[in-house]
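Colleague: okay, here's the prediction I keep looking at, along with the sequence it came from:
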Amino acid sequence: MTGFSATVLTLYPEMFPGPLGASLSGKGLDKGIWSLETVQIRDFGEGRHRSVDDTPAGGGPGMVLRADVVGRALDSVAADDRPRLLMSPRGRPLTQSFVRELATGPGVVILCGRFEGVDERVIEGRDLVEVSIGDYVLSGGEIAAAVVLDAIVRLLPGVMGKDASGSEESFETGLLEYPHYTRPQVWEGRGIPEVLTSGDHGAVARWRRERSLEVTRARRPDLSRAWEAAHAGERPKK
Ligand code: ADE
C-alpha cells in the first residue's frame, strides 16, 4: 500500500469522490498521493431486501444501522493500522491538530452514519472513533467524511505544491488569518493598506500579526484566550 489510503463505508458510494475528485485533492488522487475506495454497506445487508437498519430498541423515532450489518461491512476491509472513524455529531470535534495527526498516519477507514444512528455495540466492538465536524446535524456522514478527507489530503506532501506548509494559515498559528489584498491598487475607491506596498518586510509582518490578533479577538474570543495563554510573557516583536 503506497500513499495515504482512505476507505469510506457508505450507503451512497456515488457521493464519492464528489468534490474530492476536483482541484488539488483530485490531482492528488490522479498522482497516487492518496487513494479512495468505497464500500457499499448494503452489500452486507440482511435478506432479499439487503436490509441495513431496524427500529430502535426501547422505541422512538427513526431507524438504527444494525451492528451485524455494519460489523460485516467493516470486517470486509483488510485489517491494518488505519484508525476507524465514525462520522457523528456526538464525536470528537475535528480540529487542525487532529487533522495533522490523521494526515501523518497510513490512512483512514470512515464509516458514514445515516438514520438516527449506529448500534452502539459495533462502535464498541470495532473500536470506532466518533468524529464530529461541528455542532450541527447533517443528514448523513458522507459530507462530513468528505470534509475530513479534504482537510487531510491538502496536508499530504505533494498535494499543495509550494504552499504545502500552510504555516501562516488560520489554526496553524492559533490565530485567524490577517486580511489579504491584491491588484487593482484601488477598487471602487478602496485602497490597499500602505504598509503592504512599503517594501518593509518587518513592518508588513508586524501589521499582519496585529490584524490577526484583532480579528481573532473580535470573532473568536475562545481562540484568542488560548493564544494569549500560550504566548503569555512574550515581548511583542519589534
Ligand atoms: N453526521 C451528521 N451530522 C454530523 C456532524 N456534525 N459531524 C459528523 N458527522 C455527522
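Modeller: All right, it came through fine.

Colleague: from the centroid of the protein, which residue is nearest?
Modeller: Centroid-nearest residue in the chain: residue 148, 2.6 Å away (criterion: Cα atoms, centre = their mean).

Colleague: give the next helix or strand downstream of the helix or strand containing that residue.
Modeller: Secondary structure assigned from DSSP states H and E places residue 148 in helix 142-153. Next along the chain after helix 142-153, taking DSSP H and E as the criterion, comes helix 201-219.

Colleague: send me the helix or strand immediately after that next one in the chain as CSV with only the CA atoms.
Modeller: Using DSSP H and E, the helix or strand that follows helix 201-219 in sequence is helix 221-230. What follows is helix 221-230, C-alpha atoms only, in CSV (Å, rounded to 0.1, in the frame of the first residue of the first chain):
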residue,chain,number,x,y,z
PRO,A,221,-12.6,35.0,21.9
ASP,A,222,-12.0,31.3,22.6
LEU,A,223,-9.1,31.1,20.2
SER,A,224,-7.8,34.4,21.3
ARG,A,225,-7.8,33.4,25.0
ALA,A,226,-5.9,30.2,24.2
TRP,A,227,-3.3,32.1,22.1
GLU,A,228,-2.8,34.7,24.9
ALA,A,229,-2.2,32.0,27.4
ALA,A,230,0.3,30.2,25.2
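
Colleague: buried stuff in helix 221-230?
Modeller: 223-224, 227 (16 or more other Cβ atoms under 10 Å). Where you see a C-beta, it was placed from the backbone N, CA and C, and this is true even at glycine.

Colleague: average pLDDT across it?
Modeller: On average, the pLDDT along helix 221-230 is 96.

Colleague: so which residues make contact with that helix?
Modeller: In this structure, residues lying in contact with helix 221-230 by Cβ atoms under 8 Å, 6 or more residues apart in numbering are 174-176, 213, 216-217.

Colleague: change it to 6 Å
Modeller: Residues from elsewhere that reach helix 221-230 (Cβ atoms under 6 Å, 6 or more residues apart in numbering): 174-175, 216-217.

Colleague: let me have the residues you listed in TSV, extended by neighbour count and pLDDT.
Modeller: Formatted as TSV, the contacts of helix 221-230 follow (neighbours: other Cβ atoms under 10 Å; pLDDT from 0 to 100):
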residue	neighbour count	pLDDT
174	16	93
175	25	96
216	24	98
217	16	98
